[in-house]
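Undergrad: what follows is a predicted protein model with its sequence.
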Amino acid sequence: MKAVSAERLNPLAKRVWKCLMRRYPDWREHFGRHGANDLEVGVPAPTGSSAGYLVVFTYSDDIWVRYNPPRACYAVDGEEELLSVIDQLLSDNACFLVITNGNEWVETTLILRGHMPSLAAGQTAQMISWSGKYDSVIKA
């Protein structure tokens, strides 16, 4: 991904770009554009992690955080929540939680490490941590 500046980004993407640059200046080489004027940042996960990448992207009026595995995508309400979510993910204090029922997607959310999800009969939860140390699959 070719590093970009904030100049050609939409107003939300510019704000996210600035807040991420203040907190994570070493990520600059991972900044790129998504579509015509949205932001996409893809930071490689540590070796041994199934997360693949931590991706932050804007899409219209929304800010999203995701990992590579299917359905591991979470919307945040603003820059403050974005930074909090990123910090929790990078420190392995929170994990992505993808719940399915067979091949049908049910829900994606974040869960604090050490907490167990509440599942209905037949559901499966995949927990994906940044480091990979806390990955697990839980079946109801």
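TA: Thanks, I have it.
Undergrad: the lowest-mean-pLDDT helix or strand in the chain: how far from the chain's middle?
TA: Every helix and strand in the chain was compared by mean pLDDT, DSSP states H and E; the lowest is strand 31-34, with a mean of 91. Centroid displacement of strand 31-34 relative to its chain, using C-alpha atoms, centre = their mean, to the nearest Å, is 15 Å.
Undergrad: pull out the buried residues from it.
TA: By 16 or more other C-beta atoms under 10 Å, the buried positions in strand 31-34 come out as 31, 33-34. Where you see a C-beta, it was placed from the backbone N, CA and C, and this is true even at glycine.
Undergrad: tell me the one of those nearest Ile86?
TA: Phe31 (14.1 Å; C-beta to C-beta).
Undergrad: so which residues of this structure form strands?
TA: For the chain, the strands defined by DSSP state E occupy 31-34, 38-44, 53-59, 62-66, 73-76, 94-101, 104-112, 123-128, 136-139.
Undergrad: include distance to Lys18 when you put the ones you listed into TSV, please.
TA: Putting the strands of the chain into TSV (distance: least, C-beta to C-beta, whole Å) gives the following:
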stretch	distance to Lys18
strand 31-34	11
strand 38-44	10
strand 53-59	12
strand 62-66	13
strand 73-76	16
strand 94-101	24
strand 104-112	24
strand 123-128	28
strand 136-139	36
